[in-house]
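J.: how would this look folded up:
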Amino acid sequence: MRFFTRVLFLAALVASASVPSFAQEDIDQLLKEGIEDGEKLIGAYIAPVIKSVSSGLNQGWYNTAKAHKIAGIDITITGNAMTIPSGDLLFKPADLNLQKVELVPTSGQYNGYAPTLAGPDISTSYRLKNPDPSDPNATFSGPPGLDLKGNIGKNWVPVPMAHVGIGLPKGTDLKIRYSPTVDIGDEGSIKIIGFGVMHDIKQWIPGIKLLPFDLSGFVGYTKFKLESSFEGDIQGSNQKGIFEMNATTIQGLISKKFSVVTFYGGIGYNIAKSNLSMKGWYDVDEDNTRDQNEVDPIDLKFAASGPRATVGMRLKLAILTFHADYTMQKYKCLTAGVGLSVR
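T.: Predicted coordinates for the structure are as follows:
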């Protein structure tokens, strides 16, 4: 579980734009000309990846609609490739109603656009709408995108997950995701906790409980919290980023087993909410004074809720399981996993 927590931690660092070697200094630059505009630009820049990662927390909960027998157990590990839609690779700063800064026009296909974190690796510059007379041509750089498609061939963000499932009475499974607070050097700390309940509802429906398929209801909840140092090139103290995600999924599941192969599907609704905040003191420029202190300047909220439908297949060889599925939702997902399952 610890390995997968570390991988998810790195994905979250990307999502919260606090990868020291890539975007932190550029993110700081967006704050230098004032909090209101900086918050809007940061929000537009990181929103697609944060929404994708938070949606990914609702993946990997099941690979069958059949509950364990009492005291049955499974340990399952999944990798989820969350797709970033093409429309989320760029944004238009002019649509953000910025008060003090504007994008510097360029030539070419990206004129008027800036990349999101998941977008292309292109350079952007911003300038003051009412520049300081002492430095009328001053500009500052906006952060480039990760160019996911150019680097890995797809606009995918990885979200690994792992859980333990335990069989309870009356056709009920309890599924648990948990990691205690894990410190990862100077990068910060992470904690994950999640619970899921799958219950056989076919047993309560007269006329179908003897039919040869499985039908269950499922509810799952995952909470993810990351704290990381946010010390950049803005003067201040006690600077850190706190990134929290809460993801809930409610689904109806169906599956049919043929020998060692099980086909399964699910339909339901996801609720995913995220919050990115910057804590501490920051010396930023308000009204070109360069002497304004801001406390806890950023508090961004994101939501990625909506319907979902999943189809997949599981192969079970003795106690070893392999599964793969595809989820249709705004941030589509391809999942593959392996596990051990008894009873």
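
J.: for the record, mean pLDDT for the helix ranked longest in the chain?
T.: For the chain, the helix that runs over the most residues, judged by DSSP state H, is helix 35-56. Across helix 35-56, pLDDT averages out at 89.

J.: Just the CA atoms of it, as CSV, please.
T.: The C-alpha trace of helix 35-56 is given here as CSV (Å, rounded to 0.1, in the frame of the first residue of the first chain):
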residue,chain,number,x,y,z
ILE,A,35,-4.2,37.7,-5.3
GLU,A,36,-7.5,38.0,-7.1
ASP,A,37,-6.0,37.6,-10.6
GLY,A,38,-3.5,35.1,-9.4
GLU,A,39,-6.2,32.9,-7.9
LYS,A,40,-8.2,32.9,-11.1
LEU,A,41,-5.2,32.0,-13.2
ILE,A,42,-4.0,29.2,-10.9
GLY,A,43,-7.5,27.8,-10.8
ALA,A,44,-7.8,27.7,-14.5
TYR,A,45,-4.4,26.2,-14.9
ILE,A,46,-4.7,23.3,-12.5
ALA,A,47,-8.5,22.5,-12.6
PRO,A,48,-8.5,19.8,-15.3
VAL,A,49,-5.8,17.7,-13.6
ILE,A,50,-7.3,18.1,-10.1
LYS,A,51,-10.8,17.2,-11.4
SER,A,52,-9.3,14.1,-13.2
VAL,A,53,-7.4,12.9,-10.1
SER,A,54,-10.4,13.4,-7.8
SER,A,55,-12.6,11.4,-10.2
GLY,A,56,-9.9,8.7,-10.2
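
J.: Against K100, how distant is the spatially most central residue of the chain?
T.: Nearest residue to the geometric centre of the chain (Cα atoms, centre = their mean): V53, 1.4 Å. As judged by Cβ to Cβ, to the nearest Å, V53 and K100 stand 30 Å apart. Using the backbone N, CA and C atoms, a C-beta is placed for each residue, glycine as well.

J.: and I73, what is it in contact with?
T.: By Cβ atoms under 8 Å, 6 or more residues apart in numbering, I73 lies in contact with 164-167, 341-343.

J.: ok, what's across the strand from it?
T.: With DSSP bridges as the criterion, I73 is bridged to I166, V342.

J.: Check the one 4 residues further on too.
T.: For I77, the beta-bridge partners are A162, V338 (DSSP bridges).

J.: and T181, what is it in contact with?
T.: Neighbour list for T181: 189-191 [criterion: Cβ under 8 Å, 6+ apart].

J.: let's go with 7 Å and repeat that
T.: 189, 191 (Cβ atoms under 7 Å, 6 or more residues apart in numbering).

J.: Now do the same for the nearest residue to S123 once chain neighbours are set aside: its pLDDT.
T.: Excluding its sequence neighbours, the residue lying closest to S123 (Cβ to Cβ, 6 or more residues apart in numbering) is P144, at 6.2 Å. pLDDT for P144: 86.

J.: Could you tell me how many residues sit around P144?
T.: P144 has 18 neighbouring residues, counting by other Cβ atoms under 10 Å.

J.: give me the number of residues near I46?
T.: 26.

J.: Next one: it from M198, what distance?
T.: 33 Å.

J.: just L89 next, same as before
T.: Going from L89 to M198 by Cβ to Cβ gives 36 Å.

J.: out of those two, which sits in the busier spot?
T.: M198 (27 against 20).

J.: Tell me which helix or strand E244 sits in.
T.: Using DSSP states H and E, the element containing E244 is strand 236-258.

J.: scratch that, A272 is what I was asking about
T.: Taking DSSP H and E as the definition, A272 sits inside strand 261-284.

J.: Just the C-alphas of that strand, formatted as PDB.
T.: C-alpha atoms of strand 261-284 as PDB (Å, rounded to 0.1, in the frame of the first residue of the first chain):
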ATOM      1  CA  VAL A 261     -14.200 -15.300 -16.500                       C
ATOM      2  CA  THR A 262     -16.600 -12.800 -15.100                       C
ATOM      3  CA  PHE A 263     -18.100  -9.900 -17.000                       C
ATOM      4  CA  TYR A 264     -19.300  -7.000 -14.900                       C
ATOM      5  CA  GLY A 265     -20.800  -3.600 -15.200                       C
ATOM      6  CA  GLY A 266     -21.900  -0.700 -13.100                       C
ATOM      7  CA  ILE A 267     -23.900   2.500 -13.500                       C
ATOM      8  CA  GLY A 268     -24.300   5.300 -11.000                       C
ATOM      9  CA  TYR A 269     -23.100   8.700 -10.000                       C
ATOM     10  CA  ASN A 270     -19.900  10.300  -8.800                       C
ATOM     11  CA  ILE A 271     -19.400  13.200  -6.400                       C
ATOM     12  CA  ALA A 272     -15.800  14.500  -6.300                       C
ATOM     13  CA  LYS A 273     -14.900  17.700  -4.500                       C
ATOM     14  CA  SER A 274     -11.400  19.200  -4.100                       C
ATOM     15  CA  ASN A 275      -9.800  22.100  -2.200                       C
ATOM     16  CA  LEU A 276      -6.400  23.600  -2.800                       C
ATOM     17  CA  SER A 277      -5.300  26.200  -0.300                       C
ATOM     18  CA  MET A 278      -2.000  28.200   0.200                       C
ATOM     19  CA  LYS A 279      -1.300  28.900   3.900                       C
ATOM     20  CA  GLY A 280       1.200  31.300   5.300                       C
ATOM     21  CA  TRP A 281       2.400  34.900   4.700                       C
ATOM     22  CA  TYR A 282       3.100  36.100   1.200                       C
ATOM     23  CA  ASP A 283       4.400  39.500   0.100                       C
ATOM     24  CA  VAL A 284       2.600  40.300  -3.100                       C
END
